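Enquirer: coords please:
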Amino acid sequence: MIYTVTFNPALDYITDVPDFREGEINRSCGEKILSGGKGINVSIVLKNLGLESTALGFIAGFTGDEIERGVRSFGCNTDFIKLNSGLSRINLKIRSKHETAVNGGGPLIPREKIDELFSQLSGLSDGDILVLAGSIPPSLPADTYETILERLQEKKIRIVVDATGQLLLNVLKFRPFLIKPNREELEELSGRVLKGEKEIILACKDLQALGACNILVSLGGDGAILVSETGGVYQSAAPRGKVVNTVGAGDSMVAGFLAGYLRNKSLPEAFRTGIAAGSASAFSENLATGKEVSALLKTMKG
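Expert: Purely as a prediction, here's the structure:
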């Protein structure tokens, strides 16, 4: 089974205001409300690609109930931990001449609820896959990711970590199966500007020396690079298409990678499917569907 963890999920309220004016009453010409969060996005795309997963994390109040309802509406399994007080956050995105975002803070997560999550994860079995995605809310200990990986290191679980900065660096010693930085995040981890593919690959190998197994670097319109644990390096341009919305594209790439890998344990197939899924989401208002991913795969070489 695949499990995804979203520590601070949200309701994403997206509104279109063609001529947004600060300090005045503005009227929307369209809006939608989605259950959001990196791990949740991974679960939804996995389901669209025909794979079951269970979405874990913390929810609170009526907004938390709506987040769970939204995730389940896609056919996903959920086992969220319900907090006794507070509200899951709402993230506001105003789409106009310039895009403006206001992200909520989220509820306080008490120690006993953190322990409940640890107890959930202790039930994972050999062969399971765990996806840890996104930042840690202020109410959680800064070493939460480390604690999780340390507790699970004796089990044969493939762990995917999609995080940034020190949060990611601190868990590399536990040999995560996959990490997925974009170019800017890889530069932050490396402490230098990376000029060209050779420097990107060398930076990935530096992270492998610290413990990372497979490193998938998303390069936006320039495609992606995979430096694998077997020593292979795979590069691919992005499929052609009009970028509509990049939110969730990276999460879709993670889901696509896992879907491709689980078919026959092929890293090249995982790489191609990851690129196709990430691009399909970028080319759509919504997260990638199986049909969209299949169509893009047919256009890709290799």
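Enquirer: how about the strands in the stretch 151-300 of the chain?
Expert: Counting by DSSP state E, counting those that start in this stretch, one finds strands in the stretch 151-300 of the chain at the ranges 158-162, 178-179, 214-218, 224-227, 233-236.
Enquirer: how about a markdown table for these, with distance to Arg272 and mean neighbour count added?
Expert: Glycine gets a C-beta too; all of them are placed from N, C-alpha and C. What follows is the strands of the stretch 151-300 of the chain, written out as a markdown table (distance: least, Cβ to Cβ, whole Å; neighbours: other Cβ atoms under 10 Å):
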| stretch | distance to Arg272 | mean neighbour count |
| --- | --- | --- |
| strand 158-162 | 18 | 23 |
| strand 178-179 | 15 | 26 |
| strand 214-218 | 12 | 24 |
| strand 224-227 | 10 | 24 |
| strand 233-236 | 7 | 17 |
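Enquirer: let's have the ones you listed in TSV, adding mean pLDDT and distance to Ala55.
Expert: Shown next, in TSV, are those (pLDDT from 0 to 100; distance: least, Cβ to Cβ, whole Å):
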stretch	mean pLDDT	distance to Ala55
strand 158-162	96	14
strand 178-179	96	18
strand 214-218	96	21
strand 224-227	96	25
strand 233-236	94	29
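Enquirer: show me the helices in the protein, by range?
Expert: 38-48, 61-73, 111-122, 144-152, 165-169, 183-190, 196-209, 249-264, 267-282, 290-297 (DSSP state H).
Enquirer: how distant is the third one from the center of its chain?
Expert: Right, helix 111-122. 21 Å (Cα atoms, centre = their mean, to the nearest Å).
Enquirer: about what we covered before: the strands of the stretch 151-300 of the chain into JSON lines, with extra columns for distance to Leu34?
Expert: Shown next, in JSON lines, are the strands of the stretch 151-300 of the chain (distance: least, Cβ to Cβ, whole Å):
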{"stretch": "strand 158-162", "distance to Leu34": "19"}
{"stretch": "strand 178-179", "distance to Leu34": "25"}
{"stretch": "strand 214-218", "distance to Leu34": "21"}
{"stretch": "strand 224-227", "distance to Leu34": "25"}
{"stretch": "strand 233-236", "distance to Leu34": "29"}
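Enquirer: closest one to Ser284 among the ones you listed?
Expert: strand 214-218 (16.8 Å; Cβ to Cβ).
Enquirer: which strands and helices lie in contact with that closest one?
Expert: Packing contacts for strand 214-218, counted by 3 or more Cβ pairs under 8 Å, 6 or more residues apart in numbering; DSSP states H and E, involve strand 178-179, helix 183-190, helix 196-209, strand 224-227, helix 249-264, helix 267-282.
Enquirer: one more time with 6 Å, if that's ok
Expert: Helices and strands touching strand 214-218, by 3 or more Cβ pairs under 6 Å, 6 or more residues apart in numbering; DSSP states H and E, are helix 196-209, strand 224-227.
Enquirer: now the ones you listed as a markdown table including distance to Pro138?
Expert: Output for the helices and strands packed on strand 214-218, formatted as a markdown table (distance: least, Cβ to Cβ, whole Å):
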| stretch | distance to Pro138 |
| --- | --- |
| helix 196-209 | 27 |
| strand 224-227 | 32 |
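Enquirer: out of these, deepest packed?
Expert: strand 224-227 (a mean of 24; mean count of other Cβ atoms under 10 Å).
Enquirer: packing partners of that one?
Expert: Under the contact criterion of 3+ Cβ pairs under 6 Å, 6+ apart, strand 224-227 touches helix 196-209, strand 214-218, strand 233-236.
Enquirer: can you check which of those gets nearest to Ser85?
Expert: Closest of the helices and strands packed on strand 224-227 to Ser85 is strand 214-218, at 37.4 Å (criterion: Cβ to Cβ).
Enquirer: how distant is that closest one from the center of its chain?
Expert: 13 Å.
Enquirer: likewise for stretch 92-104?
Expert: Using Cα atoms, centre = their mean, the offset of stretch 92-104 from its chain centre is 20 Å.
Enquirer: noted, bye for now.
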